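Asker: Generate coordinates for the sequence data below:
(chains A and B)
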Amino acid sequence: MIEAVDVGFTYPDGTEALRGLSFRIPCPAFVLLCGANGQGKSTLLYLLAGLYPPTRGTLTVFGMDVARRPEAVRTCVGLVFQDPDSQILGETVADDVAFGPENLALPIRERERRVAQSLAFFGLKEVAEKPCYALSGGQKRRVALAGVLAMDPQVVLFDEPFTHLDWDGASALLRAMNRLRDEGRTVVVSTHDVEKVIAHVDQVLVLRDGTLVRSGPPQEVAFELGRYGVRPPCSVLLGKGLMPWPCD
Amino acid sequence: MLRPFGKGPHAVAVRLALHYIPRSSAVHRWDARTKLFGIALVTGALLWAEPMVLAVVTGWLAALFAAARLPWRLPLRTIRAWAPFLVLLFSVQAVSWEAFPKLPQSLPEAFPPDSVAAAAVSLWRIALMILWAVLFTATTNTAAVQRAVLWVLRPVPFVPARRIAVMAGLSVHLFATLLDDLEEIRTACRARLGDRSKNPYRRMKIVILPLFRKALNRAESMALALAARGYRDDVPVEVPPWPRAEMLSCLMLLGLLAALHGARP
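Answerer: Numbering: from 1, shown residues only, chains lettered A, B, ... in the order given. Model (predicted):
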């Protein structure tokens, strides 16, 4: 369970990115965090991942206070960055995927098992020894995701995950997200482009000017997104209701 | 006009020397410590080596490049990249400074044969040192280098061995990423006709400043990514033992080099 009570965050330069956020996310769940650009979505993800401490209020992940135990939070929350180049730290694909499990101080056999499993899950076995700089954008996105999942987090956060992905890549990513939710994890996707994901989620949170302006099931929120500066999905605009983006 | 660096994205990084080139050769499989100590010994020996020893070491190098199945263009490309520095070094050493500030009257007076020969040997030495370093980085991945650094630093008290090892690996990674960024900025600059400017200072500024900003952003993102992926200094990392046969090979190499040193006239 993720619980935020009156959470706020102000950057050191005085920019107030988040104000008075209160919400609950059960586990497992598939949650969409949407809003126009610059509304505080990425900042909220950094808070949830234990990278920034809230400057006001209380944020807990599985009962752990993010401000007090950020390192413990990071062991059960994985964040997939918007730009995979920012996240990839290893020289080869296998090195990068192994980086997280190594930090968990897992025994070598368990580490190798997780790396192999993660590489297989994302179809990266063939490129395991390839240098990361030589990968395509879609492959880098998969490496970033494999690196996070090798840590076996209970909560997986995605920051604008569909950027630069083609149809196949986006479908594969959406399938992976659904599978993670089916495995009992909590998936939080932050995006301004709700088209692909909204019909698959259980809950939608809408941010505007750093505040939570709407939350609820997608069947309700999808029709009101235009009010908050977010483009509703095409099927809603065409009056056909909420239709899932095909990913099978 | 800018020349493209090759096909596909990240072509700059692919063309980089001092980069790991994955292969399944015996040289690649050697323990990083073996390669590190072997190269340290050879490089040390090069400092005093006579041309005969240089020739032997050059032969070893060529054999190892072939055994590692590295692209034959790699050493040539590396030397070409270092050429301005090597030429400068050669010129400084080959020229006669005795008559300075008086201008020499002839070419042999400016470049005496003895100085030219000594400069050529120095050049040979430095080129070999560079190529041995290229051989090491091309056949050893960052993880193996990190384990070797950990193995070396672990016995030293109060030294954050893992942090140093990880940072060494990340520096290599960041360098390649920044070269990609540089190429991207230069292409963007060219697309907006920035290369038409006659002012070299302005041409440099419009590339260097964005690159500097990108470097800072990359460093910040990398720090966030390290935290997000649970980086800790105190994680016990297992380093496999140094294979005995390879350790013995290093000792034999040390003996051989000592014998060559002793055999100097």
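Asker: pLDDT wise, what is A:D193 at?
Answerer: A:D193 is assigned a pLDDT of 83 by the prediction.
Asker: does it count as helix, strand or coil?
Answerer: coil (DSSP: H, G, I helix; E, B strand; the rest coil).
Asker: Not counting residues beside it along the chain, what's closest to it?
Answerer: Of all residues not flanking A:D193 in the chain, A:F162 sits nearest, at 6.2 Å (CB to CB, 6 or more residues apart in numbering or on different chains). From N, CA and C alone the C-beta is placed, and that goes for glycine too.
Asker: and the top helix by length along chain A, what does it pack onto?
Answerer: When chain A is parsed with DSSP state H, its longest helix is helix A:167-182. Counting contacts by 3 or more CB pairs under 8 Å, 6 or more residues apart in numbering or on different chains; DSSP states H and E, helix A:167-182 packs against strand A:29-34, helix A:137-149, strand A:155-159, strand A:186-191.
Asker: on that earlier part again, using the three-state scheme, assign the residue nearest to A:D193.
Answerer: Following three-state DSSP, the label given to A:F162 is coil.
Asker: Count the residues that sit near it.
Answerer: Neighbour count of A:F162, defined by other CB atoms under 10 Å in any protein chain shown: 19.
Asker: What residues of the longest helix of chain A count as buried?
Answerer: A:G169, A:A170, A:S171, A:A172, A:L173, A:L174, A:A176, A:M177, A:N178, A:L180, A:R181 (16 or more other CB atoms under 10 Å in any protein chain shown).
Asker: What of stretch B:167-174?
Answerer: So, applying 16+ other CB under 10 Å, buried residues of stretch B:167-174: B:G169, B:L170, B:V172, B:H173, B:L174.
Asker: Which residues are in contact with the last one?
Answerer: Right, B:L174. B:A215, B:R218, B:A219, B:M222 (CB atoms under 8 Å, 6 or more residues apart in numbering or on different chains).
Asker: now do 10 Å
Answerer: A:L89, B:M167, B:D181, B:A215, B:R218, B:A219, B:M222 (CB atoms under 10 Å, 6 or more residues apart in numbering or on different chains).
Asker: next one: B:M129
Answerer: B:M129 neighbours (CB under 10 Å, 6+ apart): B:I39, B:V42, B:T43, B:G44, B:L46, B:L47, B:V57.
Asker: Let me know the helix or strand that it is in.
Answerer: According to DSSP states H and E, B:M129 maps onto helix B:113-139.
Asker: gap between that helix and the chain center?
Answerer: 12 Å (CA atoms, centre = their mean, to the nearest Å).
Asker: How about stretch A:95-113?
Answerer: That offset, for stretch A:95-113, works out to 21 Å (CA atoms, centre = their mean).
Asker: so, in contact with chain B or not, it?
Answerer: Yes. Using CB under 10 Å from any CB of the partner chain, stretch A:95-113 reaches chain B at A:95-96, A:98-108, A:111.
Asker: Go back to the contacts of B:M129 and keep what's next to chain A.
Answerer: Of those, not one also sits near chain A (CB under 10 Å from any CB).
Asker: So which of those residues is the closest to chain A?
Answerer: Among the contacts of B:M129, B:I39 lies closest to chain A (CB to the nearest CB), at 18.9 Å.
Asker: Whichever helix or strand the closest one is part of packs against which elements?
Answerer: Element membership for B:I39, per DSSP H and E: helix B:32-46. Applying 3 or more CB pairs under 10 Å, 6 or more residues apart in numbering or on different chains; DSSP states H and E, we find helix B:32-46 packed against helix B:26-29, helix B:51-67, helix B:113-139, helix B:142-153, helix B:244-262.
Asker: Could you report the neighbour count for residue 154?
Answerer: Answering for chain A, as no chain was given. A:Q154: 16 neighbours (other CB under 10 Å).
Asker: that's the wrong chain, I wanted chain B
Answerer: B:R154: 14 neighbours (other CB under 10 Å).
Asker: And B:A215, by the same measure?
Answerer: Neighbour count of B:A215, defined by other CB under 10 Å: 15.
Asker: now the one 4 residues further on
Answerer: Burial of B:A219 is recorded as 13 neighbouring residues (other CB under 10 Å).
Asker: Could you do the one 4 residues further on as well?
Answerer: Summarising burial for B:A223: neighbours were counted as other CB under 10 Å, giving 13.
Asker: what does B:P210 give?
Answerer: Neighbours of B:P210 (other CB under 10 Å): 17.
Asker: one step back: from the buried residues of helix A:167-182, which single one is nearest B:V53?
Answerer: A:G169 (55.0 Å; CB to CB).
Asker: Enumerate every residue touching that closest one.
Answerer: For A:G169, counting by CB under 10 Å, 6+ apart, the contacting residues are A:S136, A:G137, A:G138, A:Q139, A:R141, A:R142, A:P161, A:F162.
Asker: any idea of the mean pLDDT for the longest helix of chain A?
Answerer: On average, helix A:167-182 scores 88.
Asker: And the strands in chain A?
Answerer: Taking DSSP state E as the test, the strands found in chain A are A:2-10, A:16-25, A:29-34, A:56-61, A:64-65, A:77-80, A:155-159, A:186-191, A:203-208, A:211-216.
Asker: Go through the fourth one and flag the buried ones.
Answerer: Judged by neighbour count using 16+ other CB under 10 Å, the buried positions of strand A:56-61 are A:G57, A:L59, A:T60, A:V61.
Asker: Same question for the second one.
Answerer: For strand A:16-25, the neighbour count (16+ other CB under 10 Å) marks A:A17, A:L18, A:R19, A:L21, A:F23, A:I25 as buried.
Asker: how much does that strand deviate in direction from strand A:211-216?
Answerer: 20 degrees (axes from the mean of the first three to the mean of the last three CA atoms, to 10 degrees).
Asker: Can you check what angle separates strand A:16-25 from strand A:56-61?
Answerer: Note on geometry: by the same axes, to 10 degrees, strand A:16-25 and strand A:56-61 are set 40 degrees apart in direction.
Asker: Now do strand A:16-25, average pLDDT.
Answerer: 94.
Asker: Go ahead and confirm B:L209 touches B:I185.
Answerer: Yes. The criterion here is CB atoms under 10 Å, and B:L209 meets it with B:I185 at 9.4 Å.
Asker: quick one: which of those two has more around it?
Answerer: Neighbour tally, B:L209 and B:I185, criterion other CB under 10 Å: the higher count belongs to B:I185, 19 against 11.
Asker: Okay, and the more buried one sits in which element?
Answerer: helix B:161-191.
Asker: can you tell if the very next helix or strand once past that helix touches chain A?
Answerer: Proceeding N to C from helix B:161-191, the next assigned helix or strand is helix B:200-228, under DSSP H and E. Yes. Helix B:200-228 comes into contact with chain A (CB under 10 Å from any CB), by way of B:N217, B:R218, B:E220, B:S221, B:M222, B:A223, B:L224, B:A225, B:L226, B:A227, B:A228.
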